[in-house]
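*Asks:* what follows is a predicted structure for the sequence shown.
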Amino acid sequence: QAQDLPLANGKEYIIGDINVTGTVSYNEQTVIAFTGLKKGEKIYIPGDRISKVLKKLWDLGLFSDINIYVTSIEGDTANLELEIQEVPALADVKIQGVKKKQQEELIKENKLTPGAKVTENLLTTTKNYIENNYREDGYLNTKVYINAVPAEDTTGANLMNLVVNIDKGERVKIEDIEFEGNEALSNGFLKRQMKKTKEQNFFRFWKRSKFIPEDYETDKENILDAYKERGYRDARIVSDTLIKRDEDDVALRLKLEEGNQYYFGNINFVGNSVYSDAELQRTLGISKGDVYNGVLLEKQIADETKPDANDLTNKYQNTGYLFSNINPVEVKVYNDTIDFEIRIREGKVAYFNDISVVGNDKTKDHVIYREIRTKPGNKYSKEDVVRTVRELGQLGFFDAENLKPDFKNVDPNSGTLDLEYSVVEAGASQIELQGGYGGGGFVGTLGLSFNNFSLAGLFDKEAYKPLPMGDGQTLSLRAQASTYYQTYSLSFSEPWWGGVKPRRLSLSLQHTEQYFYDYRNRKADKDRKFSISGITLGLAKRLTVPDDFFVLSHAVAFQHYNLSNYNTGLFTFGDGYSNNLSYTVGLTRDNTFTNPIFPMGGSKFEILAKFTPPYSLFNDVDYANLDKEREFQLENEDGVLTQGAYNSAGQLVPTRPLRAGEEPIGDPAKIDQEKYKWLEFYKIKFNGTWYENLFAKLVMRAHAEYGFLGAYNNDRGIPPFERFYLGGDGMGTYSLDGREAIAMRGYPNQSLVPVNRGSMSRASDNDGATIYNKYSLELRYPITLKPTASIYALTFVEAGASYDGFRNFNPFEVNRSAGAGLRIFMPAFGLLGIDFGYGFDPVPGETKKNGWETHFIIGQQF
Amino acid sequence: CSQYQKVLKSSDTAVKYSTAEKLYNEAKAGEGNTKKKFRKALRLFEQIMPEYRGKPQGQRLSFLYADTYYELGDHYLAGYQFERFTETYPQSEKLEEAAFKGAKSYYNLSPRYDLDQTETHKAIEKLQAFINRFPESERLDEANELITELRVKLERKAYEIAKQYHHTLNYKAAITAFNNFILEYPGSPFREMAFYYKFDSAYQYAINSYAYAMPERLTAARSYYEDYKRYYPQGEFTAEAEAAFSDIEEKQQNL
C-alpha cells in the first residue's frame, strides 16, 4: 500500500460518500472504482493521493474537465464530489474535396476513427496535417475547414460528427526562374543546380514543376554551394522574389551577388604530432594556387556522406584518436587568396573497453563475438567499427539495414569507450516445396535449408524452438522425386571448425537414382537404372597473408557411378561402373560489401583447381593400344572375336566371326570401362567479379570467367565428365555427370557448344566443352532493399563461347547478348528473378541470330 | 454442441464468469486435462474482461486472467497482466502474490546465457523491487534464489565472452575482458577461473611476442600469477599456473 502524504497543511480525513456529477455515458461506480478511492479510506486533503487520482483521470484523455470537491465535512469524515466533463467522441467523419483513396489515407493518418475523442488538439493537428500534406505536393493554396456538429444519438452518448472540407486549389507550377547578377555561372547551369525546384517544361516529364517552400530553400543552398565549389566564397542571394502570375503559376526571381573568385593560399597544419605536415598534406590533396573550394575542403577534412572516406578525420579516427578534432580556419585573406590554418587537437588515444552485443534472441554470443573486429583493449579504430558492422550484416542472420554500433561511456580522461552492437535477428531459414509436371511425369521437391543451425542443439530438448538454432551452422536437406528419378542430398557446414579461427568445414552427401524411362508407355523400368552416390568433405580457411579477405579451400570428393543395363550416352557401356575421386583446391578473395544480396562495391576473385590422382602414370596400362589386347576386343556371346557394326543407338555390336587374316577390332564399351574405372582429369577455373557504385545506388558489376579441363594422358583422353555447358540460366538441371552449367543469357540452356564441331568430329552436341570463357557487364539499381524483400532491376551485356581444346581456343570468337531483368530476394524463398536476353549471334549449327530468350532464375546465379 | 460451446456463444456474462472460474479452479486443483481447461477458461476471460472493467468483480477477474496466462506458460502476457493488476489494485490482498508472479514471469523469460540478456536484467529489477516492497514475504527466499541464479547467468555470460577471446588467441582482449570481469563481479563462482585465464592469457601473450616486447609482458604475466596465488593459494589450476610460472622465470633469466 503506497502511503499518502499531506500537501501544504493537509489534514487527514475519512472518505464519506463519493458523488460523481457531470458524467454522461459512464457508470458512476466505474468512475469511482477507477479512481481507487474507497469509502472509509483515510486520505489527506489536500494530499498526494488526491493529486495522483486527478492525474490518473487526466491521463485517460477521456475528460475535458475534472474537479474534486469536498461537499461537506462531518467531524473527520469528508464527503466528496467528483465532477467530470466528458470529451465528445467521434461518431462519423466526412471528408470532402479529395478522392476516396486519399480520404481513407487522411482518416488513417489522423486516426479519425469512430470513438476517437474530439479535442481541440485533434482538430488543429488534423487541419495542419492536411494543409502541410498538400503543400508538400505543390498545392500551396490548400485550405481546410473543419466543422464539428453534435450528432444525434439514441443512446444519449456525447457524440460529434466532423465534416472536413478540403479546397486543394490548383497545383502551383513555376513558369520561369530568372537570375540576375550572375556572370560566372550561366542561367541554365544554375537552374540545373536546383534539384527540386524546376521550371515548367513540357519535355521534362519525369520531374514535374512544383513549388515547395522547403525544397526551394535547399535549392538556394545548392546554388550557393555551386558557387563555393568554384571559388566564389562570398556569393550570396541578395534577394529572391516569388511573383504570382495567376492562380496556379508563379515566377521566381533571384538576385545574386557573385563576389570574387578566390584561390587557396598557404595551408598550414597546427597541433599535429602524430602525422607530419607532408602526410596530412597528401591526404588533404589541396595545394596552394588551387581555386578555392569550400565544399571540397570540408570533404577532405570530414566527409559525412562516406564513413570510410579517405579524409583527415578518418586518418586520425582509424588510429585511435577518437577525441581528435580538426578545424580549418581562414587566417588571412589578401586580394583573391586565402591562407588557411588547419588546427588539429589530437587528444588522447582511445581504447575499447567493454564490447557487447544486444538483440541476439537466437544467435549465440560466440557466433557474433568471433566476427567482431573491435576487441577489448584494442586501439579505437573507426574503420574496424565500420567493417564489423559490414561483416555482421554479411552473416545473413541479422537485418543488415538495422545493425548499428552504439558508443557508450566515452571517457576522454581515461581514454576508453565501450561499444554496444545492437542487432535485429532476421529469418535465416528457407523452405522449398515444389510440385510440378515436367519431364514426362510429376516432379516433387522438398528442400529445407537452415542457415543458423545448431548441431549441438540436436540433443538438447530446450533448444527446439522450433528447431535448434544459433550456432551459425548451415544444414540443408533436399529431396526430389519423380516417376523415373530420385535424388537426395544433405549438407552441413560449420564456419568456425574448432572455434579458434575461421575454418569452414563442410560435408555433403548425395545420392541419385535414375530409371530407364520409356516414352511410349510412360513407364519407368526399374530394372534398368543408373545411380550415383557421392560424398564431399571440404575445409576452407581465411588467410591473414596477403590480407584477410583471402580464403583458401580444400575439398576431397568421391563419386561412384553404377549402371545396370542403362545406356546414358555418357558411356559406351550399359553395364559397369565408374569412380571419381578428386581433390579441389581454391583460392578466393572477396571484399564485396555490404549487403550480400546487393553488393555496393568491392570485388571477388576465385581460382580453383581440381585434380584426380594421375593413375595412368603408374598403372602400366597402355591406353593407346587397348584394342590390341584380347580382353578388350569385340566378341560375341560365345567369346568368339567378331566384326562389328554400329546399331541405331550408336553402339558397336558384334556381327559375324572374324575370318582368317582379319584384324580383331576393339570393343569401345570394354575400352571405355577400362578408361573410366577411375576418372582421370584436371580442371582449372578462374572467376572474377567487380562491383562499382557509379552514383546514387546504381551499381556496375563486371564479371569474367574461364574454365579449362585437361587430361594427364592423352591416350586415356578427357572423360566425358565434369565438362562445361554454356548457355541459358546456368541452373544445374539434374546433372549426372558432374557437368557445369555456365549461365549465358540470350541463348537456350546449354546450347553454346563449340562451333567447330562438324558432322565429322567425334564429339556430339551432347558432349560438353573443355574450355570456355565468358564476360559480362551489368548495371543494377535497387528498387527496395528492405529486409522483407529486396528488389533490384538490371540490364546486361554478355559475351562467351566454349571450345574443344586449346587449338580451337579464340577468346574473341564469342557469342554476344544483351538484355534486362529483375531480381527479388525474400528471406524465406531465396532469390527469384526473370531476365530477358537477346542473343546477337546464331547458336552453333544455326544460321540466323538467336533472338529473344526468357530466363527464370532461382538462386544466385549471376 | 457442447456445454462449453453454448456458454462461449451465450450473451450472459454471469454464466461465462462462473464457468470460467469453475474451469480455472478445477485446472488449478489439477483435475483432468489442466492445460485444456486453462485454455478454455482463458477464452472466456478474454470475452468478459472488458465488461467487468471498473466493476467490483473486475479485480478478482484480472487476477485470474493473469494467473491463467501464468499457468499456461505465456510469460510475456502473464508478466504484463500481473503488472497491470498491481498498478490498478494496489489494495488487493493478492497484491504480493501478483507482484511475485509478475516478477517470476520475467524470470521465466530470461533466455540461456549466450543470448541477449535484456529480459534477465528486467527480471532482476522486478524481483529486487518485489523484495524491497515485501520484505516480510514468505516468498522472499525463493525471490533471492531466483536473483542469484540470474546473476550467475550474467556472470557466466561475461566470463564466457572473455574466455572466447582466450580461445580465439586474442590474448590482449582476453586480459582486458577478464580484468573487467574481476572488477565487476567480485563474488562470482567464475572468479578463480577468471584469475587463472587472465594469467594464462598474459603468459601466452608474452611468449608469443617479439623479443623486444617480451620482458615487459613477462613481468605483467608474473604479477598476474602472483594475484592468482594470493587469492587462490590452493586453487584448482595451481599445477598449470606453476608450470607456466617456472617457464616465465626461466625465460626471464635467459633474457
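*Replies:* Okay, I see it.

*Asks:* near chain A, which residues of chain B are found?
*Replies:* Counting by CB under 8 Å from any CB of the partner chain, chain B comes close to chain A at B:53-56, B:58, B:88-91, B:111-112, B:114-116, B:118, B:157, B:160-161, B:164-165, B:167-170, B:172-173, B:175-177, B:180. Backbone N, C-alpha and C define where each C-beta goes, glycine included.

*Asks:* would you mind checking these for buried ones?
*Replies:* Burial by neighbour count, judged by 16 or more other CB atoms under 10 Å in any protein chain shown, picks out B:54, B:58, B:88-89, B:111, B:114-116, B:157, B:160-161, B:164-165, B:167-168, B:170, B:172-173, B:175-177, B:180 from those.

*Asks:* show me where the stretch 1-150 of chain B has helices.
*Replies:* Along the stretch 1-150 of chain B, counting by DSSP state H, counting those that start in this stretch, helices occupy B:3-9, B:13-28, B:34-52, B:56-72, B:75-88, B:95-109, B:118-133, B:140-167.

*Asks:* so for A:H703, which of the ones you listed sits nearest?
*Replies:* Relative to A:H703, the nearest member of those by CB to CB is helix B:140-167, separated by 38.0 Å.

*Asks:* same question for the closest one: list its buried residues.
*Replies:* By neighbour count on 16+ other CB under 10 Å, the buried set for helix B:140-167 is B:143, B:146-147, B:150, B:152-167.

*Asks:* ok, stretch A:69-83 next?
*Replies:* For stretch A:69-83, burial by neighbour count (16+ other CB under 10 Å) applies to A:78-82.

*Asks:* same question for stretch B:171-191.
*Replies:* For stretch B:171-191, a neighbour-count test (16+ other CB under 10 Å) marks B:171-182, B:185, B:188, B:190-191 as buried.

*Asks:* go on, stretch B:80-88?
*Replies:* Across stretch B:80-88, burial judged by 16+ other CB under 10 Å covers B:80-83, B:85-86, B:88.

*Asks:* turn those into CSV, columns for pLDDT.
*Replies:* Below are the buried residues of stretch B:80-88 laid out as CSV (pLDDT from 0 to 100):
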residue, pLDDT
B:Y80, 93
B:Q81, 93
B:F82, 93
B:E83, 91
B:F85, 91
B:T86, 90
B:T88, 85
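
*Asks:* and the residue of the stretch 751-862 of chain A nearest chain B?
*Replies:* Nearest residue of the stretch 751-862 of chain A to chain B (CB to the nearest CB) works out as A:P787 at 18.2 Å.

*Asks:* quick check, that residue in a helix?
*Replies:* No: in this structure, A:P787 is coil, not part of a helix, as judged by DSSP: H, G, I helix; E, B strand; the rest coil.

*Asks:* not counting its neighbours along the chain, what's nearest it?
*Replies:* A:D399 (4.3 Å; CB to CB, 6 or more residues apart in numbering or on different chains).

*Asks:* tell me the contacts of the one you found?
*Replies:* By CB atoms under 8 Å, 6 or more residues apart in numbering or on different chains, the contact set of A:D399 is A:423-426, A:787.

*Asks:* B:L95 now?
*Replies:* Applying CB under 8 Å, 6+ apart, the residues contacting B:L95 are B:86, B:89.

*Asks:* wait, A:K501 sits on A:L539?
*Replies:* No: between A:K501 and A:L539 there is no contact, the gap being 11.6 Å when judged by CB atoms under 8 Å.
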